[in-house]
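**Student:** Pasting the sequence and the predicted coordinates here, then a few questions.
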Number of protein chains: 2
Amino acid sequence: MEEQLETIRTIDNSFSFNLEGKSKASTFEFPEHGGDPAVFKPYSNGSLDNLLDFSVCLNPMGPPESLAHTILGAIHRTGAYPAPFANSLKLRLGDYFGLKPENFLVTHGSTQLIYTLPELWKPSQSVCIIAPCFSEYEKSFELRGIETHFFLLDPEKDFDLRWEVLEPYLKSIENLGGVILGHPASPSGTLCNKDLIEKLLRFTNKNQNFLIVDETFIDFTEQENFLPEIIHDNPYLILIRTFSKFFSIPGIRLGYGIMNPSIQKQLENFIPPWSAGSIELEVGLMCLDETEYMKETRKFLAKERARIGDLLNSFSTVQLFPSDSCSLLFKLTDNSIYPETLYKNLFKENILIRNCGNFRGLNHRFFRVGIRTKDENTSLINALKSCLG
Amino acid sequence: MEEQLETIRTIDNSFSFNLEGKSKASTFEFPEHGGDPAVFKPYSNGSLDNLLDFSVCLNPMGPPESLAHTILGAIHRTGAYPAPFANSLKLRLGDYFGLKPENFLVTHGSTQLIYTLPELWKPSQSVCIIAPCFSEYEKSFELRGIETHFFLLDPEKDFDLRWEVLEPYLKSIENLGGVILGHPASPSGTLCNKDLIEKLLRFTNKNQNFLIVDETFIDFTEQENFLPEIIHDNPYLILIRTFSKFFSIPGIRLGYGIMNPSIQKQLENFIPPWSAGSIELEVGLMCLDETEYMKETRKFLAKERARIGDLLNSFSTVQLFPSDSCSLLFKLTDNSIYPETLYKNLFKENILIRNCGNFRGLNHRFFRVGIRTKDENTSLINALKSCLG
C-alpha cells in the first residue's frame, strides 16, 4: 500500500505514458503539464531523486529562506478559520502595489481565478485567446460553453504581436467579450511592448471588452511593471498573478487578480469563502517582504538567460526564441531528430524537459526548458550536446 | 501598518457590526458565519487571547498530535507541483472506505465542492434544501440561477423529518433536480433515521434526482456510517465530507465528496487542477491514520454532549434541541431576554456563541454552541447561569 501510494502520489488521472512506446507521436503521449516527474517513476530504472526537472518554470533560487520559519509560525493558525476573503493579504497587496485592498481578488492559485473569469461573459459573447497560451484559459471558457477564437502568433516571426494584424482580427469577431493575453506569454516567454498593450486597452475599453493579462511570469522579467499602476483608468483590465512560480512554491496554492472593485465584487461572489487557507495567507504576506530575494532573482535570471541562450543558439539543430521569462523555448529544426528521441534520451540522463506539442500554434518539435541553477543549466547544455550532436 | 493588519487579519469584507448598537435586530448584525472572533477586536477592551470561541464546531480535542510533524515534513514538498487531482489521497480514501479512488473528488474544503454541485443541474431544474442547513448551499444554487425550494423542519417538533410530509412536498416541486440533506443537520445536529434516508433514496433514484447528503459532521456522531457502503447501488447519491471540522484544522482547507465515478468525472471537470496543495494532501493522509484519536473524540463527545445537555436543560429560560453532533442548539424561550443582550453579556465574559438568526427556518432567538473541553464547557454554563438567571 505505502509503496503503491508513493508511486501514485503525483500521477495525474488522465495521463497515459509509455516510455518504451514507438517514437511516433500518435502512440507516444507527452505530459499535459510540466512538473510531474513521478509520472515517470514506473518507467525509470533508478530513483527520481537525481532528476533535474526543467519542465517547470520556477524560481531557480528556490523558495525564500524564511519559508520554513513562516510555515512553522502559521501552524497554530490552522486551528481557527482564516478570514473568508483573505483581507490581511489584500491589505498588504494594496500597500505593495499602491492600490486599495478592494482591487485584489485572492484565490487558491491563479487557476481558480482563471476558472472564474467566464462568469464575466454573457453566454452569447466569445473570447479571443492570443496563442500559444496557458491551456487552462481555453478549458475554463469551454466549460462555460463560450465560443473561443485563437489569434495565433507565428513562431517564425518570434511570436511578435502586431497591432495592424490583431486589430482587424478582433474587429472581425462577432460579439467579442474579451481578450486573453500572456505578458510575458507562456511558453514563449515573450513580453508585449507597451505601445501594443496601450492600443489594445484603448480598443477593449472602447468596446467594453475585458482585457485579461496573464502576468504570472512578469516578476521574472526586467520589464517596468506598468499595468497595476493604470488599473484605475481601465475598468475592463484584469491582471492574473501568482505566488507559486516566482517564489518557487507550487505546492502552496496562492494566486490573485488585480482589477477594479466593481469587477472584483462580481468575481468574488463566485469564489468560495476561505479559498486562501491560514498557511497560504502567512506565506503570501512573507513573500511580499522579500525585496532582496526579488532583486537577486531578476539579476541572476537576466545573466543566466543570456548565457544559456547563447549556448543554445550555438546548436545548428535548434532554433531559439527570445524570452524575458524564467524559461527558454526552442524548436528542433533538424527533421532527422525525433522529438520523442530527444525527450527519452534526456530522461535517461535524468533530465526532464517540457514538450510543447499540446500548446495551440506549436507542435511536438517545440520544447521549453525552465532556467535552473548555473551548474544544472550547464548539465542540460552538455546533455543536449550529446543528444543533438 | 502591522497593527492595522493584525486587526483586519480575520475580518470579513461584508461584515458590519456595532457592539454598542441598539439591541434591536434591525441595527444589530450578528456575524454571517461562526469562527471569526477577530471581528470583535475593535470593540473589545482587552485582548482576544482568552476568548472562548463556542461559535465554531470543531473537535474539542484540538488537531491530532502529529499535525505539526506532518506539516514540517511536507514543507519540502511545496517546492514541487502536487498531483493535479490528489491521487494519493483518493487512493488512501478508497482504502479507508473500502471504495475505489474514482469514488472520490478531493476539493479545497467542502465549500469548493458545494459551489460545484449546481453543474449537475439543468438550468430548468430546481433544488430542494431541507432547512435549516449550511447557508452556502443556497448561495451556490442561487449563483447559477437555479430555483431553490426550502422544506422547513419545525423546531417545535425537534426538527424531525417525516417521510409522509416530505414525499408530497417533493412530488409537488416541478422539475426537481435534487435534494440537499444535512446528516447530521446543521445547526441542529440532528441525524436522520436510516429508514427515512432509504425511502428518500428510493424516491431520488427513481426520479433520477441527485441526493446530496452533507456529512461534514458525521464523524462526530456514534451513528453507523452506512451511506459510503451503499454508494455503488445509488447512482445519484453524493456525500459531502471535510477534514477541517473533525480534525480541528479549519485553516487547512481539505474536503472531499463520495459518489459514483460517472458523477465524479462530471464534477471534477469543473475543479481547477492542484486544488489540494502539498501540505493539505499530507495532512489528509495523516488524519486518516488517526484511528485512536477518532475513537476518543466520539467517546468524549458522547459523554460531554449528555452532561452539557442536562445542564442546559435545567435552565427554565431555554429550550434545548436533541443533537448527535459536536454542538448544541438552544432557543431563548423567555421573551424578556433579548438575544443581543445575551450575546453581548457573554462576550463581555470572553465567550463567543453563534447566533442562528441567519439560518432559514430559525430566528435570532436560536443559538448554537460548539462543545469544547470539559472545563471550558463548565465556564460556558456558569456564564449562561449569570446571564439567564
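**Tutor:** Looks like it came in fine. Numbering: from 1, shown residues only, chains lettered A, B, ... in the order given.
**Student:** Name the residues of stretch A:234-247 that come out as buried.
**Tutor:** A:234, A:236-247 (16 or more other C-beta atoms under 10 Å in any protein chain shown). Bear in mind the C-beta positions are built from the backbone N, C-alpha and C, glycine included.
**Student:** and the longest helix for chain A?
**Tutor:** helix A:291-313 (DSSP state H).
**Student:** CA atoms only for the helix or strand residue A:116 falls within, dumped as CSV, please.
**Tutor:** Following DSSP states H and E, one finds residue A:116 within helix A:109-116. In CSV, the C-alpha atoms belonging to helix A:109-116 read as follows (Å, rounded to 0.1, in the frame of the first residue of the first chain):
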residue,chain,number,x,y,z
GLY,A,109,-3.7,29.5,-7.1
SER,A,110,-4.2,31.6,-10.2
THR,A,111,-6.1,28.6,-11.8
GLN,A,112,-9.1,29.1,-9.5
LEU,A,113,-9.2,32.7,-10.8
ILE,A,114,-8.9,31.6,-14.4
TYR,A,115,-11.9,29.2,-13.9
THR,A,116,-14.0,32.1,-12.6
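**Student:** packing partners for the following helix or strand past it?
**Tutor:** Next helix or strand after helix A:109-116 toward the C-terminus (DSSP H and E): strand A:126-131. The elements that strand A:126-131 packs onto, with contact taken as 3 or more C-beta pairs under 8 Å, 6 or more residues apart in numbering or on different chains; DSSP states H and E, are helix A:135-143, strand A:147-152, helix A:163-172, strand A:176-182.
**Student:** mind checking how far stretch A:145-162 is from the chain centre?
**Tutor:** On the basis of C-alpha atoms, centre = their mean, to the nearest Å, stretch A:145-162 is displaced by 17 Å from the centre of the chain it belongs to.
**Student:** Looking at it now, give me its mean pLDDT.
**Tutor:** Taken as a whole, stretch A:145-162 carries a mean pLDDT of 96.
**Student:** How many residues are close by the residue lying closest to residue A:109 once chain neighbours are set aside?
**Tutor:** Nearest residue to residue A:109, sequence neighbours excluded (C-beta to C-beta, 6 or more residues apart in numbering or on different chains): residue A:253, at 3.8 Å. By other C-beta atoms under 10 Å in any protein chain shown, the residues close to residue A:253 number 32.
**Student:** doesn't residue A:108 make contact with residue A:253?
**Tutor:** Yes - between residue A:253 and residue A:108 there is a contact at 4.8 Å, judged by C-beta atoms under 8 Å.
**Student:** Identify the contacts common to these two.
**Tutor:** A:280, B:108, B:275, B:277 (C-beta atoms under 8 Å, 6 or more residues apart in numbering or on different chains).
**Student:** Which two of these have the greatest separation?
**Tutor:** Greatest spatial distance in those: A:280 and B:275, 12.6 Å, computed using C-beta to C-beta.
**Student:** tell me, what's touching the two both at once?
**Tutor:** Residues touching both residue A:280 and residue B:275 (C-beta under 8 Å, 6+ apart) are A:108, A:253.
**Student:** coming back round to it: for my notes, confirm the residue nearest to residue A:109 occurs in a helix.
**Tutor:** No - membership of residue A:253 in a helix is not supported by DSSP: H, G, I helix; E, B strand; the rest coil, which gives coil.
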